[in-house]
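Visitor: Please work out how this folds:
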Amino acid sequence: MRTSAVAGIVFANVNDNLLKKLTTKRSMASVPFGGRYRLIDFALSNLVNAGVTNVGIITKENYRSLMDHVGNGIYWDLDRKNGGLYVLPPYSTGGAKRYSGTVDALAGAKDYIKHCNSDYIVICNADVLANVDVSSAIKAHIKNEADITVVYHKGTVFANSGETMLLGLKGDRVTSVDFDSEGGAEAAFSIGITIVGRELLLRLVEGASEEEYTSFNREVIAKKIKQLKVCGFEHSEYVAFMNGTDSYFRASMDLLDADVRRQLFNSERPVFTKTRDDMPTRYGTKAIVNNCFIADGCVIEGTVKNSVLFRGVKVEKGAVVENCILMQETKVGKETQLNNVISDKNAAIGDNMVLKGTAAKKFFIKKNQVL
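Guide: Model (predicted):
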């Protein structure tokens, strides 16, 4: 299959409201994760690893940080004369306001969809953390002669499921779609990746716009489940949804599990990101580090346990950091104690301080905040 036969669309601002502390000044897609990545890296890498060379990113607001990160797409091999990476700014079909849902967002990207000259479109959400074999999903879509293919995972449904589709399956065929689970139940649920023919997508979006629908999942796929051939493709490996600060923290801590790391950072399907040359992390003679995920450029002279440290973090002598996520360039002063803390970029915590959250409520430090 020619690489231009498939194009990708990524929703950058999906569920920003569920992760407010980290999306006040950035989109969900540009939320930092795992020491050196942004959430959009996983969606872009899933597409690129499947041979997709034409990707449109639908933005809504707070996308300056995202544009700085993705640039012209060079780190994903998307800096191309034909195809490549497109940032699709907010546009409403009414012309007076930003889009109000996924139908409106897709309608605003109609020109991109029309001119991408692809047979199939892979629609992805940026709030899902997973390394998905999109190539196999596309092949299954074609083999099944499906109108729509929904990539799903079988497991425990999370709370705040929102637009997540709970699927009834008979073999590969999706026979029913439900929503609004309270969480905790075992089910097959969509993981934010949908494959659909380009011409069909244009017809569905045009019809939904005329009906003034807002949700592509609820009001298009679910309502046409008996009219269209909707199939499922199972992703059986690790999946996490960024539906709140707790889920973000749990997913970050999951990186301390070797099995999770193997599933997320599959050597056959690498996760690409914007690179930054830096020195290796340096450890002081009295530093103690145990069970941590640490990026390059850090300086650690104190104690760090069960934590995720991004690039350039500095932990001074006598400081103790446990169960924390410290983002890029965070500074931790001498003899300071941190436990269950999330610090955004460029935070500075002074000497002899004690900051402790709980398992239920993490202590959050804002970007550039000085304590």
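
Visitor: and Glu351, how many residues sit next to it?
Guide: Slight slip there: residue 351 is Asp, not Glu. Asp351 has 12 neighbouring residues, counting by other Cβ atoms under 10 Å. Every residue, glycine included, has its C-beta placed from N, CA and C.

Visitor: Could you pull out the buried residues of stretch 261-272?
Guide: Gln263, Leu264, Asn266, Arg269, Val271, Phe272 (16 or more other Cβ atoms under 10 Å).

Visitor: Report pLDDT for the nearest residue to Asp119 once chain neighbours are set aside.
Guide: Leaving aside its sequence neighbours, Asp119 sits nearest to Ala5 (Cβ to Cβ, 6 or more residues apart in numbering; 4.7 Å). For Ala5, the pLDDT comes out at 90.

Visitor: List the contacts of Ala5.
Guide: With contact taken as Cβ atoms under 8 Å, 6 or more residues apart in numbering, Ala5 is in contact with Ser118, Asp119, Tyr120.

Visitor: Show me the shaky parts of the stretch 101-250 of the chain.
Guide: 159-161, 181-184 (pLDDT under 70).

Visitor: where exactly do the strands run in it?
Guide: 120-125, 128-129, 148-156, 166-170, 173-178, 186-197, 230-234, 240-241 (DSSP state E, counting those that start in this stretch).

Visitor: CA atoms only: put stretch 246-254 into PDB for me.
Guide: Written as PDB, here are the backbone C-alpha positions of stretch 246-254 (Å, rounded to 0.1, in the frame of the first residue of the first chain):
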ATOM      1  CA  ASP A 246      -4.500  11.400  39.300                       C
ATOM      2  CA  SER A 247      -4.400   9.500  36.000                       C
ATOM      3  CA  TYR A 248      -1.500  11.600  34.800                       C
ATOM      4  CA  PHE A 249       0.400  10.800  38.000                       C
ATOM      5  CA  ARG A 250      -0.400   7.100  37.800                       C
ATOM      6  CA  ALA A 251       0.700   6.800  34.200                       C
ATOM      7  CA  SER A 252       3.900   8.600  35.100                       C
ATOM      8  CA  MET A 253       4.600   6.200  38.000                       C
ATOM      9  CA  ASP A 254       3.700   3.300  35.700                       C
END
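
Visitor: and that stretch, how far from the chain's centre?
Guide: The chain centre lies 13 Å from the centre of stretch 246-254; the measure is Cα atoms, centre = their mean, to the nearest Å.

Visitor: what's the answer for stretch 146-156, then?
Guide: For stretch 146-156, the distance to the chain centre is 17 Å (Cα atoms, centre = their mean).

Visitor: circling back to that earlier point, mean neighbour count added to the strands of the stretch 101-250 of the chain, as CSV?
Guide: Converted to CSV, the strands of the stretch 101-250 of the chain look like this (neighbours: other Cβ atoms under 10 Å):
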stretch, mean neighbour count
strand 120-125, 24
strand 128-129, 27
strand 148-156, 21
strand 166-170, 16
strand 173-178, 17
strand 186-197, 22
strand 230-234, 22
strand 240-241, 24
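
Visitor: Any idea which of the ones you listed gets closest to Leu44?
Guide: Of all those, it is strand 120-125 that lies closest to Leu44, at 8.6 Å by Cβ to Cβ.

Visitor: What strands flank the closest one, and is each parallel or antiparallel?
Guide: Strand 120-125 pairs in its sheet with strand 6-11 (parallel), strand 186-197 (antiparallel), by DSSP bridges.

Visitor: Distance to Thr214 added to those, as CSV?
Guide: Shown next, in CSV, are these (distance: least, Cβ to Cβ, whole Å):
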stretch, distance to Thr214
strand 6-11, 13
strand 186-197, 16
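
Visitor: Which of those strands sits closest to Lys170?
Guide: So among the strands paired with strand 120-125, strand 186-197 is nearest, using Cβ to Cβ, at 11.4 Å.

Visitor: what is the orientation angle of the closest one with strand 148-156?
Guide: Strand 186-197 runs at 160 degrees relative to strand 148-156, counting by axes from the mean of the first three to the mean of the last three Cα atoms, to 10 degrees.

Visitor: just how off-centre is strand 186-197 within its chain?
Guide: Mean-position distance between strand 186-197 and its chain equals 15 Å (Cα atoms, centre = their mean).

Visitor: Then stretch 273-289?
Guide: So, by Cα atoms, centre = their mean, the centroid of stretch 273-289 is 25 Å from its chain's centroid.
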